[in-house]
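[1] Turn this into a model:
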Amino acid sequence: MADSNNQTKPYEIDEHPFELRHEVKRLNSRLDKIAHSLEKSEFKDILDNYSDPKKRIITNLMAGISRGLGLSLGTFVVLGLLGYILSLFLNVPVIGEYLGEIKKYIDANS
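    Numbering: from 1, shown residues only. Prediction:
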């Protein structure tokens with residue numbers, strides 16, 4: 001008697017063939033959309049990158065070197081332009097005297 005209560009009735013496909021076909025088509029189209037979005041996001045490449053420690057280390061090392069070089073070069077360019085612009089103001093009465101003193105201090109210490 002316990003066995004008859006625990007048994008589940010198998011779903012009969014013949015009972016609702018149209019609904020089942022419609023549901024299968026809908027699920028297939030959703031699976032196709034999911035597969036397309038996973039391919040588009042390059043999910044496999046992301047998983048490969050994070051599952052291989054050597055790739056992750058090399059990627060992070062290269063990113064760090066690139067950021068360091070970019071920051072160094074950017075700082076060099078910005079300070080160079082700032083120095084050039086400030087050198088144009090050496091003949092201005094108030095600012096020029098102040099910048100002239102800074103220039104004398106820099107020349108004395110270099």
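[2] Roughly how far does Pro93 sit from Ile85?
    Between Pro93 and Ile85 the distance is 18 Å, computed by CB to CB, to the nearest Å. Glycine gets a C-beta too; all of them are placed from N, C-alpha and C.
[3] Also Lys104?
    For Lys104, the distance to Ile85 equals 19 Å [CB to CB].
[4] again, but for Lys44
    The spacing between Lys44 and Ile85, counted by CB to CB, is 50 Å.
[5] Lys33 now?
    The spacing between Lys33 and Ile85, counted by CB to CB, is 55 Å.
[6] can you check Gly64 too?
    In this structure, Gly64 lies at 32 Å from Ile85, with CB to CB as the measure.
[7] Then Lys40?
    Using CB to CB, one obtains 47 Å as the distance from Lys40 to Ile85.
[8] Ile106 too?
    16 Å.
[9] excluding its backbone neighbours, what's nearest Thr59?
    Counting by CB to CB, 6 or more residues apart in numbering, Asn49 is the residue found nearest to Thr59 once chain neighbours are left out, at 6.6 Å.
[10] Contacts only, for the one you found.
    55-56, 59 (CB atoms under 8 Å, 6 or more residues apart in numbering).
[11] okay, now Leu38: neighbour count?
    The number of residues packed around Leu38, counting by other CB atoms under 10 Å, is 11.
[12] right, I mislabeled it, should have said Arg30
    10.
[13] Distance of it relative to Tyr98?
    If you measure Arg30 against Tyr98 using CB to CB, the figure is 70 Å.
[14] Also Asp45?
    Taking CB to CB as the measure, Asp45 falls 56 Å from Tyr98.
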